[in-house]
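Asks: show me how the following folds:
(one chain, ligands or ions: 4)
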Amino acid sequence: MTTHAGTTTTDTHCPYCSLQCGMGLRTAAPESGGSGEWPASAAPDVFVEVVERPGFPVNRGALCGKGQSAAEVLRRGVRLTAPLVRDGDGVLREAEWDDALDRVAAGLAAVGRAHGRDAVGVFGGGGLTNEKAYLLGKFARVVLRTANIDYNGRFCMSSAAAAGKAAFGIDRGLPFPLEDITRTGCVILVGANPADTMPPALRYFTDMRAAGGRLVVVDPRRTRTAAEADLHLQPVPGTDLALALGLLHLLIAEGHVDEEFVAARTVGFDAARAAAMAHWPERVERITGVPVEAMRDAVAMFASAPAAMVLTARGPEQQSKGVDTVGAWIDLCLAAGKAGRPLSGYGCLTGQGNGQGGREHGQKADQLPGYRMITDPAARAHVAGVWGVDPDSLPGPGRSAYELLDSCGEEIRALFVMGSNPVVSAPNAAHVTARLAALDFLVVTDVVLSETAALADVVLPGAQWAEESGTTTNLEGRVILRRAALPVPDGVRTDLVTLNELARRLGVERGFATDAEEVFDELRRASAGGAADYAGITYDRIRAEDGVFWPCPEVGHPGTPRLFLDRFGTPDGRARFAAPTHRASAEEPDTEYPLYLTTGRVLSQYQSGAQTRRVPALNRAAPGPFVELHPDLAERMGVGEGDPVSVTSRRGRAVAPARLSREIRPDTVFMPFHWAGEGRANTVTNAALDPVSGMPEFKVCAVRLDPVGKVGKVGEAGSTGSAAGGRGGAALSGSAGASSDGLGEAVLARASGAPGGGR
Ligand SMILES: Nc1nc2c(c(=O)[nH]1)N[C@H]1C(S)=C(S)[C@@H](COP(=O)(O)OP(=O)(O)OC[C@H]3O[C@@H](n4cnc5c(=O)[nH]c(N)nc54)[C@H](O)[C@@H]3O)O[C@H]1N2
Ligand SMILES: Nc1nc2c(c(=O)[nH]1)N[C@H]1C(S)=C(S)[C@@H](COP(=O)(O)OP(=O)(O)OC[C@H]3O[C@@H](n4cnc5c(=O)[nH]c(N)nc54)[C@H](O)[C@@H]3O)O[C@H]1N2
Ligand code: SF4
Ligand SMILES: [Mo]
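Replies: Ligands and ions are numbered 1, 2, ... in the order given. Predicted structure coming up:
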């Protein structure tokens with residue numbers, strides 16, 4: 001990239017997914033080289049542009065469209081630039097920072113006094129930097145002294161985390177760098193669609209295949225990722241557990257067990273063998289719909305490769321049996337001796353920008369920094385020591401994310417949300433929205449007026465990734481540094497400043513630094529000696545080394561790109577077989593609800609869409625929700641391409657245009673979950689939780705499909721979704737801020753007819 005006079009390029013990382021692609025941000029004052037065609041940021045007179053950063057190894061300069069357009073969300077008019085406080089008429093209006101913060105402190109304190117400390121809940125996000133996640137956890141435990149903090153990562157990789165921890169003693173997304181994929185012999189990719197969800201990572205799989213490796217993809221849809229595979233297994237949603245057991249059965253029956261590895265490095269194989277024996281191939285074919293021959297082919301590819309991997313993402317994990325399902329896939333790796341060895345192992349593709357670090361430093365209901373368990377007395381003593389508080393003052397474990405949201409308005413009376421938009425992204429979302437509306441007090445800190453922020457009593461606007469420094473930990477366990485390229489704009493504060501101000505107002509004067517590096521140095525001490533040990537990682541090292549892999553216990557330590565090569569992280573160093581048996585999904589189709597619904601993502605929108613639905617280029621590429629269904633099913637239902645259809649479950653009904661595709665099973669429909677309004681997929685999804693991880697069953701429920709009378713134009717439902725998304729630009733540019741939102745005051749006001757019952 002040529003740099004002309006007056007421009008500066010800052011090396012940083014994308015604000016979105018867990019790949020944390022390296023990018024440059026080129027900035028200029030307009031008179032000194034910027035042209036009006038660059039996106040202007042909210043910082044006065046500064047132009048900013050995303051440019052390639054070819055030197056960063058993970059993505060070598062490649063970015064998907066979301067990364068390329070990320071600077072659009074920095075613009076004034078798209079984002080929030082003043083706090084909003086709900087006034088006596090129930091309308092959100094711009095307010096002074098001091099007034100807004102006073103109101104938050106008073107509101108949280110009042111609920112604590114009236115209903116007890118645990119009545120104040122905190123809901124965080126896996127997109128927050130390590131520093132924010134750490135301080136948010138500390139804020140909950142030290143300032144609010146509530147047990148009830150959890151975060152959206154519970155909806156993301158919590159099942160893989162629980163299974164990985166049980167099997168290996170340590171859970172880190174990938175126990176090896178991505179580059180190892182290119183040199184392994186076979187990858188079974190289960191319920192992951194990196195072609196759409198991590199496009200620059202697809203190259204690792206295509207390079208592996210070019211070098212002779214085999215790719216097996218397990219997905220009820222023939223995705224763009226599956227189209228790249230040597231073998232595509234297309235199971236019924238929710239049956240991955242049976243499939244893994246069927247493959248293990250065949251592996252054993254065909255003599256591929258690595259007896260030496262099993263004897264030397266594992267515990268519990270007999271139980272796993274017994275579980276697999278009960279899942280003979282014909283039985284598994286009946287459950288999954290995957291032909292026995294295809295299973296045999298998969299086992300042959302996996303077992304015959306000198307090194308091989310199983311990688312999972314949300315497909316098998318977001319199930320009410322997600323932990324057992326991942327456990328079964330890990331068992332397959334262990335039995336075959338494909339773990340704890342070079343170029344082999346089980347890994348989870350984490351999802352959010354800091355999905356990994358966000359769960360290591362204390363936002364999770366049961367954890368303290370450094371991946372320490374909050375019930376462990378030694379862990380409590382260590383962390384309390386760093387925080388300068390009495391270990392007995394630290395609360396115990398609180399509710400998991402869905403349970404926390406579900407108890408709002410009942411046991412939980414006030415909620416502080418930072419970095420999540422559960423009105424769109426939580427399962428059974430109409431119910432969750434009603435629970436949020438029943439709260440005495442809701443505070444949301446966000447960068448935009450998300451659907452959840454629109455329900456709040458107070459909205460606090462945060463600085464964005466380009467305006468503040470902070471670390472994230474990508475899916476490889478690589479701790480990287482986002483550097484500030486722009487000043488914090490007027491009217492906005494960093495989340496660290498917000499936490500500091502609130503802590504002071506609630507009587508805690510010290511221990512809430514506002515400088516990210518200072519917070520990180522405290523986090524290093526808090527994590528020292530824990531499983532996720534960051535003690536040896538410094539900002540200077542990250543700048544020099546393209547990131548450092550944890551654990552890294554001392555500054556002189558090289559970091560740990562590859563885990564488990566000598567021993568697993570369990571007390572005796574051996575991996576544990578899980579030995580689960582198959583069970584049905586919480587809801588199976590019946591005569592009333594005869595189809596499976598599964599949900600997921602599209603390339604050009606991110607998560608709840610709060611950010612990406614405000615980017616015109618992304619809205620052009622992915623304008624609204626849809627229902628993907630097989631043409632045979634469409635014909636039976638009398639539905640044509642683009643016709644509005646309704647998808648109804650026991651929870652509710654969503655409406656969106658039909659999109660016909662031969663790539664999906666005819667017994668299954670698929671909806672992306674990025675939109676609010678009528679096309680919100682989560683109105684329909686089932687909040688059945690995994691008993692161990694608390695993961696909701698986003699990936700399978702039973703639904704009915706109906707054509708919606710040909711009223712209105714085709715695509716009408718889609719435009720409902722985009723209307724919500726389109727409210728960014730013009731909506732907030734007026735002086736009245738959010739109250740001039742395109743949706744009108746009806747949504748922002750506390751009118752009892754408003755969606756969600758009144759907030
Ligand atoms: N474009 C884009 N990229 C993203 C995100 C985004 O919102 N948009 N979000 C980021 C985050 S936080 C995450 S967690 C990751 C998620 O990344 P992925 O897990 O790759 O994404 P999903 O689309 O949720 O699910 C992957 C696949 O699971 C399949 N699937 C559905 N049900 C089942 C099932 O029962 N079994 C199996 N085996 N497969 C099933 C779906 O058809 C889908 O193709 O993406 C990250 N990257
Ligand atoms: N049906 C269905 N539902 C799902 C899933 C699925 O596959 N199917 N996937 C689940 C998964 S894996 C995930 S991860 C969740 C994600 O769902 P959400 O938690 O809703 O994720 P985001 O949309 O990323 O929300 C992040 C919010 O924080 C804001 N934000 C971003 N950065 C910052 C920051 O630094 N500070 C503050 N204060 N705010 C910030 C954004 O503007 C946005 O409003 O959705 C889950 N929901
Ligand atoms: S793949 Fe993920 S990290 Fe990379 S540019 Fe796209 S959203 Fe950003
Ligand atoms: Mo996620």
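Asks: didn't residue 28 look like it was pressed against residue 40?
Replies: No - look at residue 28 against residue 40 with CB atoms under 8 Å: they stay out of range, at 10.5 Å. All C-beta spots, glycine's among them, are computed from the backbone N, C-alpha and C.
Asks: looking at these two, which is more packed in?
Replies: Using other CB atoms under 10 Å as the criterion, residue 28 and residue 40 rank with residue 28 on top: 22 against 18.
Asks: for that one, phi and psi?
Replies: Backbone torsions for residue 28, taken as degrees, to the nearest 10, come to phi -160, psi 150.
Asks: cool, residue 10 as well?
Replies: Phi and psi for residue 10, reported as degrees, to the nearest 10, are phi -110, psi 130.
Asks: and for residue 366?
Replies: Torsion angles at residue 366 (phi, psi; degrees, to the nearest 10) stand at phi -110, psi 10.
Asks: picking up where we left off before, spell out which residues are contacts of both of residue 28 and residue 40.
Replies: Residues touching both residue 28 and residue 40 (CB atoms under 8 Å, 6 or more residues apart in numbering): 46, 47.
Asks: residue 182 and residue 204 touch, don't they?
Replies: Yes - counting by CB under 8 Å, residue 204 is a contact partner of residue 182 at 5.4 Å.
Asks: more neighbours, those two?
Replies: Higher neighbour count among residue 182 and residue 204: residue 204, with 20 against 17, using other CB under 10 Å.
Asks: so that one is in which element?
Replies: Under the criterion of DSSP states H and E, residue 204 resides in helix 202-210.
Asks: so that helix, near ligand 3 or not?
Replies: No - Helix 202-210 is not in contact with ligand 3 by CB under 6 Å from any ligand atom; minimum separation 9.7 Å.
Asks: what residues does that helix touch?
Replies: 62, 178-179, 181-184, 187, 189, 194-195, 215, 225, 228, 230.
Asks: in ChimeraX, how would I select the buried members of those residues?
Replies: Per 16 or more other CB atoms under 10 Å, the buried members of these correspond to this ChimeraX selection:
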select :62,178,181,182,184,187,189,194,195,215,225,228
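Asks: looking at the contacts of helix 202-210, which are in helices?
Replies: Taking DSSP state H, the ones among these that sit in helices are 194, 195.
Asks: just the contacts of helix 202-210 now: which is nearest residue 417?
Replies: residue 194 (29.2 Å; CB to CB).
Asks: so the closest one touches residue 349, yeah?
Replies: Yes - look at residue 194 against residue 349 with CB under 8 Å: they come within range, at 6.9 Å.
Asks: mind listing the shared neighbours of those two?
Replies: residue 313.
Asks: near ligand 2, which residues of the stretch 601-750 of the chain? Just list them.
Replies: Counting by CB under 6 Å from any ligand atom, the stretch 601-750 of the chain sits next to ligand 2 at 607, 608, 610, 611, 673, 681, 682, 685, 698.
Asks: for the stretch 401-550 of the chain, which segments are assigned as helices?
Replies: Along the stretch 401-550 of the chain, the segments classed as helices by DSSP state H, counting those that start in this stretch run 401-406, 422-425, 429-437, 495-505, 516-527, 539-545.
Asks: should've said the stretch 651-759 of the chain
Replies: 716-725, 728-733, 745-748.
Asks: in what helix or strand does the nearest residue to residue 269 once chain neighbours are set aside lie?
Replies: Leaving aside its sequence neighbours, residue 269 sits nearest to residue 262 (CB to CB, 6 or more residues apart in numbering; 4.9 Å). For residue 262, the enclosing helix or strand under DSSP H and E is helix 259-265.
Asks: show me which residues of that helix are buried.
Replies: In helix 259-265, counting by 16+ other CB under 10 Å, buried: 261, 262, 265.
Asks: same question, stretch 85-105
Replies: For stretch 85-105, burial by neighbour count (16+ other CB under 10 Å) applies to 85-86, 90-95, 97, 100-105.
Asks: which parts of the stretch 251-400 of the chain sit against ligand 1?
Replies: With CB under 6 Å from any ligand atom as the criterion, the stretch 251-400 of the chain meets ligand 1 at residues 313, 314, 315, 316, 351, 352.
Asks: next step: the residues you listed restricted to helices.
Replies: Short answer: those in helices (DSSP H) are 314, 315, 316.
Asks: so which of these is the closest to residue 394?
Replies: Distance to residue 394, by CB to CB, is smallest for residue 314 among those, at 32.0 Å.
Asks: looking at it, that closest one is touching residue 193, isn't it?
Replies: No - with contact defined as CB under 8 Å, residue 314 and residue 193 do not form a contacting pair (9.0 Å).
Asks: quick one: residues contacting residue 340.
Replies: If you count contacts by CB under 8 Å, 6+ apart, residue 340 has them with 265, 564, 565, 567, 568, 575.
Asks: spell out the secondary structure type for it.
Replies: Under the three-state scheme (DSSP: H, G, I helix; E, B strand; the rest coil), residue 340 adopts coil.
Asks: in this structure, where is pLDDT below threshold?
Replies: For the chain, applying pLDDT under 70 flags the ranges 1-5, 31-36, 710-759.
Asks: mind listing what the residue in it that ligand 3 sits nearest to touches?
Replies: For the chain and ligand 3, the shortest gap (CB to the nearest ligand atom) falls at residue 67, measuring 2.4 Å. For residue 67, the contacting residues are 14, 16, 21, 23, 50, by CB under 8 Å, 6+ apart.
Asks: quick check: the farthest pair among those residues?
Replies: The span of those, defined through CB to CB, is set by 16 and 50 at 11.8 Å.
Asks: which neighbours do the two have in common?
Replies: Contacts common to residue 16 and residue 50, judged by CB under 8 Å, 6+ apart, are 67, 70.
Asks: which of these two has more residues huddled nearby?
Replies: Under the criterion of other CB under 10 Å, the comparison of residue 16 against residue 50 puts residue 16 first, with 23 against 20.
Asks: my guess is the more buried one meets residue 351, correct?
Replies: No - if you go by CB under 8 Å, residue 16 and residue 351 don't touch, sitting 9.8 Å apart.
Asks: list the contacts for the one residue in the stretch 351-500 of the chain that gets nearest to ligand 1?
Replies: The minimum distance from the stretch 351-500 of the chain to ligand 1, using CB to the nearest ligand atom, falls at residue 351 (2.1 Å). Contacts for residue 351 were tallied using CB under 8 Å, 6+ apart; they are 17, 18, 126, 156, 157, 197, 313, 314.
Asks: repeat the analysis, applying 10 Å as the threshold.
Replies: For residue 351, the contact set (CB atoms under 10 Å, 6 or more residues apart in numbering) comprises 16-19, 126-127, 152-153, 155-157, 173, 192, 197-198, 313-314, 317, 475, 601, 607.
Asks: ok, residue 123 next?
Replies: So, once contact is read as CB under 10 Å, 6+ apart, residue 123 ends up touching 136, 148-152, 154, 363, 401, 404-405, 408, 412, 415-420, 422, 426, 436, 444, 452.
Asks: now, which of those residues lie within strands?
Replies: Under the assignment DSSP state E, these contribute 149, 150, 151, 415, 416, 417, 418, 444 to strands.
Asks: could you single out the nearest of the residues you listed to ligand 4?
Replies: Nearest to ligand 4 among those, counting by CB to the ion, is residue 151 at 11.0 Å.
Asks: was I right about the closest one contacting residue 366?
Replies: No - counting by CB atoms under 10 Å, residue 151 does not reach residue 366; the two are 11.7 Å apart.
Asks: who's more crowded, the two?
Replies: For residue 151 versus residue 366, neighbours defined as other CB under 10 Å are more numerous around residue 151 (32 against 15).
Asks: skip the chain neighbours and tell me the closest residue to the more buried one.
Replies: Distances taken as CB to CB, 6+ apart place residue 124 nearest to residue 151, at 3.7 Å, with adjacent residues excluded.
Asks: do I have it right that that neighbour meets residue 148?
Replies: No - if you go by CB under 10 Å, residue 124 and residue 148 don't touch, sitting 11.6 Å apart.
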